[in-house]
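build me a model from this:
(2 chains)
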2 protein chains.
Amino acid sequence: MNQITPQPTVATLYLSAPVMAQLINDIGVHACLSGIADNIRADFSRWNEFDKSARVANHSKDGVIELMPISDNSLYSFKYVNGHPKNTRIGLSTVMAFGVLADVDTGVPLLLSELTLTTALRTAATSALAAKTLARPNSRVMALIGNGAQSEFQAVAFQHIVGIEEIRLFDVDPAATEKLVRNLKDSGLKLSVYQSTAEAVKGADIITTVTADKTNATIITPEMIEPGMHINGVGGDCPGKTELHTEVLSMSRVFVEYAPQSRVEGDIQHMPADFAVTELWEVLVGNLPGRQSANEVTVFDSVGFALEDYSALRFMRGVALELGMGEMIALIPEMADPKNLFGVLRSAPNALRRVA
Amino acid sequence: MNQITPQPTVATLYLSAPVMAQLINDIGVHACLSGIADNIRADFSRWNEFDKSARVANHSKDGVIELMPISDNSLYSFKYVNGHPKNTRIGLSTVMAFGVLADVDTGVPLLLSELTLTTALRTAATSALAAKTLARPNSRVMALIGNGAQSEFQAVAFQHIVGIEEIRLFDVDPAATEKLVRNLKDSGLKLSVYQSTAEAVKGADIITTVTADKTNATIITPEMIEPGMHINGVGGDCPGKTELHTEVLSMSRVFVEYAPQSRVEGDIQHMPADFAVTELWEVLVGNLPGRQSANEVTVFDSVGFALEDYSALRFMRGVALELGMGEMIALIPEMADPKNLFGVLRSAPNALRRVA
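Model prediction:
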């Protein structure tokens, strides 16, 4: 919508939600998931290069709006994301997001992107990367508890990154499960529908929980756990909301993204402040062990961390530039003389006339 | 660029920098300044309704990128703003900004707007509102020290909101002053150019400092101060950077926007932690006195607070909707079923084919 001047430019690449949907379709969901997972692995592996902080949250009666900034010495990113569980009653998503990637050297916003679709991809990519690192290598069967907006992305990520072949489904809302089966009927996954969490998880190599309802406090209880299981706890975490019984956490080795944030938002919020957890990046770089035996139970207590959005935005920008997708927008004024901001107005004759 | 579905909509009104320049020209700079100042007065007067926090800063070698969120029980806003003093060397602005206004009840981003021009307006509007509240009522002469990107906005705001008739100019860079004189030659203001800060401020009712250079630590020294002066300290504040000598602060009554932030970023950063300051809103609502005598020296130690951006975004959105300016964009995907995010992809035939 705006001409770009030769250089230096302050134009911003804009990827709308419809353009992002097209981009994902064009290269394929699993290619996006793999590309984002590769970026997350690379970025988590240089963990100490990042200026990290816990998210900044503004809470209101029915929800929360959060900002999640992070930067290294070349790129800065932030995500805007809301969490409004009642939104679905009026036909809106519980979670909506967008974000920005900016140049650290100048502050110019390089990319403005939708992040509703992309958050679903990066969350699934992170879960699959953690499971590939922590689950038993021959894991083929996953129970998927909660079949809402994020569930298909988890299924496809575990299929293509971890090698899952069969997914056992349960949701308190049968319509959600039907929707998932419909969406993934041609995916190549074997999909089985169960009537309870206990039935769905029995015999699974991996349990993924992606539930949203704040009232369903505990989804996974100790008697469901079998030796060697990996539990991927994804569900919309926040203070007051957990999916895993504390005994499940006590009997497992627990891995997190960023401990200061996870101790507030994650399932480990009900554990003592000194409850031992391992940050995933330490396993990825080889500082600390992952799974230590085939019988050990591992838990990835995922809450979603700003670095995953940084990695995903970096991937999406690269693909968009390569494919020539998106458009350049003028969030920042182009100025012939950066000290003459008023001149941006003065160039239009009305400004002075009205001022005078 | 995107069709809006009847309801509920998740479309976002987008005001680019060129559209904002046109909007400001259409209604006039001083009408914008007055409208924003009115909103700031109204919003500061309900101070305790806001969920306030200090800005979140990511510092790098050459600059900083900050997020400034705030909300009440109906609207949420945040601003993205950088500060890169070296940017002008490569033809870029030191400060660039954009921001969002969102619906607190649902999290839907209602407005995405440029905030480079708008920040200059809201900063000047806040300064003028503070001066109208704190300076002697018959103030007609202002010294304007620092004639860079923000200076014309300060001049026009003080002309139209405070009643300033004559402005005495000084900048270490004569070209900056020449630019200001050129930009405001038809403004109706009497503009006088001086060779030093001391000469420019002599006899002025109000001193406004809007300097940016981090090396020019102290602009206003005690011997320049005359009884009854009001000092409007605006210059790009941050930890380590001040414009006013500490003795100037000691001899004055000091007013700030939000004390927790000003004690870190403002000129008062070098004063003891218990140095007495008054938050401007307390004066606006009548809780605390402003100026108490014609001889008192008052200082507004302005650093820029998130609430001013909230007020400005609220004003700009209102004007844009009234004039039908801007365009609707699709930052958030429109979904027939909010639980079926994957369906946004599936509607394009490629998604499944590639997944399968």
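
any idea how far the residue lying closest to residue A:275 once chain neighbours are set aside lies from residue A:244?
Nearest residue to residue A:275, sequence neighbours excluded (CB to CB, 6 or more residues apart in numbering or on different chains): residue A:268, at 5.9 Å. (Each C-beta comes from the backbone N, C-alpha and C, glycine too.) Residue A:268 sits 9 Å away from residue A:244, taking CB to CB, to the nearest Å as the criterion.

so for these two, which residues contact both of them?
residue A:301 (CB atoms under 8 Å, 6 or more residues apart in numbering or on different chains).

sorry, back to before: can I take it that the residue nearest to residue A:275 is in a helix?
Yes - with DSSP: H, G, I helix; E, B strand; the rest coil as the criterion, residue A:268 is located in a helix.

I'd assumed residue A:255 was in contact with it.
No - counting by CB atoms under 8 Å, residue A:268 does not reach residue A:255; the two are 10.4 Å apart.

residue A:172: which element?
Residue A:172 is part of no helix or strand when elements are defined by DSSP states H and E.

and it, how many neighbours?
Neighbour count for residue A:172, taken as other CB atoms under 10 Å in any protein chain shown: 15.

same check, this time on the one 3 residues further on
Other residues near residue A:175 come to 11 when the count uses other CB under 10 Å.

per-residue confidence for it?
At residue A:175, the pLDDT value in this model is 96.

and it, helix, strand or coil?
Per three-state DSSP, residue A:175 ends up helix.

might you report the residue contacts of it?
Residue A:175 touches nothing, counting by CB under 8 Å, 6+ apart.

make it 10 Å
Listed by CB atoms under 10 Å, 6 or more residues apart in numbering or on different chains, the contact set of residue A:175 reads A:147, B:337, B:339.

is residue A:127 in contact with residue A:234, as I believe?
Yes - in this structure residue A:127 lies within contact range of residue A:234 using CB atoms under 10 Å: 5.8 Å.

what do the two both touch?
Common contact partners of residue A:127 and residue A:234 (CB under 10 Å, 6+ apart): A:150, A:153, A:154, A:208, A:210, A:300, A:302.

quick check, nearest of those residues to residue A:322?
Within the shared contacts of residue A:127 and residue A:234, the smallest distance to residue A:322 is 22.4 Å, found for residue A:153 (CB to CB).

what's the nearest residue to that closest one if we skip its chain neighbours?
In space, residue A:153 is closest to residue A:124, 3.8 Å off (CB to CB, 6+ apart).

name the element the one you found belongs to?
Assigned by DSSP H and E, residue A:124 falls in helix A:116-134.

what's the answer for residue A:339, then?
Here residue A:339 is assigned to no helix or strand, by DSSP H and E.

was I right about it contacting residue B:149?
Yes - the pair residue A:339 / residue B:149 is scored as a contact, 5.5 Å apart, by CB under 10 Å.

more neighbours: which of those two?
For residue A:339 versus residue B:149, the count of surrounding residues by other CB under 10 Å is larger for residue B:149: 26 against 22.

which residue is the nearest non-sequential neighbour of the more buried one?
residue A:341 (4.1 Å).

what's around the closest residue to residue A:93 other than its chain neighbours, how many residues?
Distances taken as CB to CB, 6+ apart place residue B:338 nearest to residue A:93, at 4.4 Å, with adjacent residues excluded. Other residues within reach of residue B:338, judged by other CB under 10 Å, total 21.

do you know the pLDDT at residue B:338?
84.

I figured it hits residue A:85, correct?
No - look at residue B:338 against residue A:85 with CB under 10 Å: they stay out of range, at 11.4 Å.

shared neighbours of the two, anything?
With contacts taken as CB under 10 Å, 6+ apart, residue B:338 and residue A:85 have A:94, A:95 as neighbours in common.

quick revisit: which ones are touching the residue nearest to residue A:93?
By CB under 10 Å, 6+ apart, the neighbours of residue B:338 are A:87-96, A:148-149, B:8, B:10.

may I see the ChimeraX selection of the buried members of those?
Buried residues among those (16 or more other CB atoms under 10 Å in any protein chain shown), as a ChimeraX selection:
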select /A:87,88,92,93,94,95,96,148,149 /B:10
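
whichever residue of the stretch 101-250 of chain A sits closest to chain B in helix, strand or coil?
The nearest approach of the stretch 101-250 of chain A to chain B comes at residue A:107, 2.5 Å away (CB to the nearest CB). Under three-state DSSP, residue A:107 falls in the coil class.

cool, residue A:14 as well?
Residue A:14 is classified as strand under three-state DSSP.

show me what it bridges to in the sheet.
residue A:112, residue A:327 (DSSP bridges).

per-residue pLDDT of it, please?
Residue A:14 is assigned 98 on the pLDDT scale.

could you pull out the strands for the stretch 51-200 of chain A?
A:51-52, A:56-59, A:64-71, A:75-83, A:97-103, A:109-114, A:141-145, A:166-170, A:190-193 (DSSP state E, counting those that start in this stretch).

before we move on, back to that, mutual contacts of residue A:339 and residue B:149, please.
Going by CB under 10 Å, 6+ apart, residues that sit against residue A:339 and also against residue B:149 are B:88, B:93, B:94, B:176, B:179, B:212.

relative to residue A:328, which of those is nearest.
The nearest member of the shared contacts of residue A:339 and residue B:149 to residue A:328, counting by CB to CB, is residue B:93 at 17.8 Å.

my guess is residue A:211 contacts residue A:148, does it?
Yes - contact criterion CB under 10 Å: residue A:211 and residue A:148 qualify, at 7.7 Å.

could you measure from residue A:343 over to residue A:336?
Remark: distance between residue A:343 and residue A:336 (CB to CB) = 7 Å.

if you count what's nearby, which of the two comes out ahead?
residue A:343 (18 against 10).

what helices or strands is the helix or strand hosting the more buried one leaning on?
Assessed by DSSP H and E, residue A:343 sits inside helix A:342-346. Packing partners of helix A:342-346 (3 or more CB pairs under 10 Å, 6 or more residues apart in numbering or on different chains; DSSP states H and E): helix A:349-355, helix B:17-27, helix B:29-44, helix B:116-134, helix B:151-157, helix B:174-183.

of those helices, which shows the lowest average pLDDT?
The stretch with the lowest mean pLDDT among those is helix A:349-355, at a mean of 47.

circling back to that earlier point, ok, the residue nearest to residue A:275 - contacts?
The contact partners of residue A:268, taken as CB under 10 Å, 6+ apart, are A:233, A:237, A:242, A:244, A:246, A:249, A:254, A:256, A:259, A:262, A:275-277, A:299, A:301, A:303.

same check on residue A:110?
So residue A:110 contacts A:9-13, A:75-77, A:100-103, A:313, A:317, A:321 (CB under 10 Å, 6+ apart).

what is the neighbour count of the closest residue to it other than its chain neighbours?
The shortest distance from residue A:110 to any non-neighbouring residue, by CB to CB, 6+ apart, is to residue A:101 (5.2 Å). Counted with other CB under 10 Å, the neighbours of residue A:101 add up to 22.

what about residue A:101, distance to residue A:126?
Look at residue A:101 and residue A:126: by CB to CB, they are 18 Å apart.

return the alpha-carbon coordinates of stretch A:328-344 using CSV.
Coordinates of each C-alpha in stretch A:328-344 appear next as CSV, following Å, rounded to 0.1, in the frame of the first residue of the first chain:
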residue,chain,number,x,y,z
MET,A,328,5.4,-3.8,2.5
ILE,A,329,3.5,-1.4,4.8
ALA,A,330,4.5,2.1,6.2
LEU,A,331,4.1,1.8,9.9
ILE,A,332,7.0,4.2,10.2
PRO,A,333,7.1,7.5,8.3
GLU,A,334,9.7,7.8,5.5
MET,A,335,11.6,11.0,6.0
ALA,A,336,14.0,12.8,3.7
ASP,A,337,15.6,14.3,6.9
PRO,A,338,15.1,12.3,10.1
LYS,A,339,15.4,15.5,12.2
ASN,A,340,12.5,17.0,10.4
LEU,A,341,9.5,15.0,11.6
PHE,A,342,7.2,18.1,11.3
GLY,A,343,8.2,18.2,7.6
VAL,A,344,6.2,15.0,7.1
